[in-house]
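In: Attaching a predicted model along with its sequence, questions to come.
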Amino acid sequence: VEVDGDVATVGITAYAAGQLGDVVFVETPDVGKTVKAGDPLAVVESVKAASDIYAPIDGTVVEAHADLAGEPETVNQDPEGRGWFVKLKPSNPGQIDALMDRPAYEAFLDTL
C-alpha cells in the first residue's frame, strides 16, 4: 500500500510477483466497490496458480487499473510501480498505520 494524500494504491510486492511466476491474467474490481480489510479485491492468474488479492484496508475503489487485463505482464515487470491493481479511498485511515512498513516487511521476508 502506498498512500498519496487520501488515496491508497494497492498492488503486490516484487517478492509476491516473483513467487507467482509469469502473470497471465488480472481481474480488477469495478470503481465504486466498497471493501473491508480481508475481502477479495482482485484476481491474479499466473502460470503457477490463480490467487485472490485481498484488501489490506477498508475502503472504496476510486480507480481500477483496467490496462492490466490486456497487459498482465506489467505486474511482473514493475509490480511496485506500474503494476498496481486499485486505488482505494480509505474509510478508516488508521488501518494504514497497522500495516507493515518496508523495513518490517523486509525483515519478515528474511524469515521465509
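Out: Structure received.

In: Every contact and neighbour count from this point should use C-alpha atoms.
Out: Noted.

In: Could I get the full set of strands for this structure?
Out: 2-4, 7-10, 23-27, 34-35, 40-46, 50-54, 59-64, 86-90 (DSSP state E).

In: If you count contacts, what does the fourth one end up packed against?
Out: Yep, that's strand 34-35 we're talking about. Under the contact criterion of 3 or more Cα pairs under 8 Å, 6 or more residues apart in numbering; DSSP states H and E, strand 34-35 touches strand 59-64.

In: repeat for the last one
Out: Here strand 86-90 touches strand 7-10, strand 59-64, going by 3+ Cα pairs under 8 Å, 6+ apart.

In: K33 is nearest to which of these?
Out: strand 59-64 (5.4 Å; Cα to Cα).

In: Dump the strands of the chain into CSV; add distance to L112 as well.
Out: Shown next, in CSV, are the strands of the chain (distance: least, Cα to Cα, whole Å):
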stretch, distance to L112
strand 2-4, 23
strand 7-10, 23
strand 23-27, 22
strand 34-35, 29
strand 40-46, 21
strand 50-54, 19
strand 59-64, 30
strand 86-90, 27
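
In: May I have the distance across stretch 18-35, first residue to last?
Out: Chord length of stretch 18-35, first to last residue, is 26 Å (Cα to Cα, to the nearest Å).

In: So for it, mean pLDDT?
Out: Mean per-residue pLDDT for stretch 18-35: 96.

In: Using neighbour counts, pick out the buried residues of that stretch.
Out: L20, D22, V23, V24, F25, V26, E27, T28, P29, D30, T34, V35 (16 or more other Cα atoms under 10 Å).

In: export the helices and strands packed on strand 86-90 to a markdown table and tack on distance to P103?
Out: Putting the helices and strands packed on strand 86-90 into a markdown table (distance: least, Cα to Cα, whole Å) gives the following:
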| stretch | distance to P103 |
| --- | --- |
| strand 7-10 | 18 |
| strand 59-64 | 25 |
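
In: closest to G81 out of these?
Out: Short answer: strand 7-10, nearest of the helices and strands packed on strand 86-90 by Cα to Cα, at 9.7 Å.
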